[in-house]
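K.L.:
No letters, just coordinates:
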Ligand code: ADP
Ligand code: MG
């Protein structure tokens, strides 16, 4: 398996409930290394740009409002098969459909406030990592 990097976000519902450490433990237990991390508060413009692919979806405005409702933690996770591995650790978008033991099953509030974001392909991971981090901020 190849070593990959993926972009992860601990969303406002997670930071609000002080779950940063509990969620990071899930990544580290499953072999993902946090090679970059920062806590930020997105502007509406930034949130809209990040989620541009969802612009036409009915939940877009709700998603942007939620993502600017509090601080988030953006991170780069590195490890074997990191993109797919992280999606597995996160669980399904809708927590009621997520497998037992996944982050979303255990922590998410709803389909919208679902605690974490993870890139869905290697190509999107590169774009999303570049959106938040310069190369010098990523220390593997
Ligand atoms: P994922 O985060 O699992 O890749 P999507 O890319 O489909 O899921 O959606 C991006 C984010 O938009 C979700 O994580 C969630 O926060 C929000 N979202 C998705 N579907 C809905 C929905 N039906 N209602 C409200 N928010 C949603
Ligand atoms: Mg997605």
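P.N.:
Yep, that arrived. All values derive from a computational prediction rather than experimental measurement. Numbers count the residues shown, from 1 in each chain. Ligands and ions are numbered 1, 2, ... in the order given.
K.L.:
For the rest of this, base every contact and every neighbour count on C-alpha atoms.
P.N.:
Will do.
K.L.:
Show me which residues of the protein sit near ligand 1.
P.N.:
On the criterion CA under 6 Å from any ligand atom, ligand 1 has as its neighbours in the chain the residues 59, 63, 92, 93, 111, 112, 113, 114, 117.
K.L.:
again, only this time at 5 Å
P.N.:
Where proximity means CA under 5 Å from any ligand atom, the interface of the chain facing ligand 1 comprises 93, 112.
K.L.:
For the chain, just list every one of the strands.
P.N.:
Secondary structure of the chain, counting by DSSP state E: strands at 3-10, 33-40, 72-80, 116-118.
K.L.:
Of those strands, which is nearest residue 54?
P.N.:
Of all the strands of the chain, it is strand 116-118 that lies closest to residue 54, at 13.6 Å by CA to CA.
K.L.:
Including mean pLDDT, distance to residue 99 and mean neighbour count, could the strands of the chain go into JSON lines?
P.N.:
Supplementary listing: the strands of the chain in JSON lines, determined by pLDDT from 0 to 100; distance: least, CA to CA, whole Å; neighbours: other CA atoms under 10 Å:
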{"stretch": "strand 3-10", "mean pLDDT": "99", "distance to residue 99": "19", "mean neighbour count": "22"}
{"stretch": "strand 33-40", "mean pLDDT": "98", "distance to residue 99": "23", "mean neighbour count": "16"}
{"stretch": "strand 72-80", "mean pLDDT": "99", "distance to residue 99": "21", "mean neighbour count": "22"}
{"stretch": "strand 116-118", "mean pLDDT": "99", "distance to residue 99": "15", "mean neighbour count": "22"}
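K.L.:
Make TSV from those strands and add distance to residue 98 to it.
P.N.:
Shown next, in TSV, are the strands of the chain (distance: least, CA to CA, whole Å):
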stretch	distance to residue 98
strand 3-10	17
strand 33-40	23
strand 72-80	21
strand 116-118	13
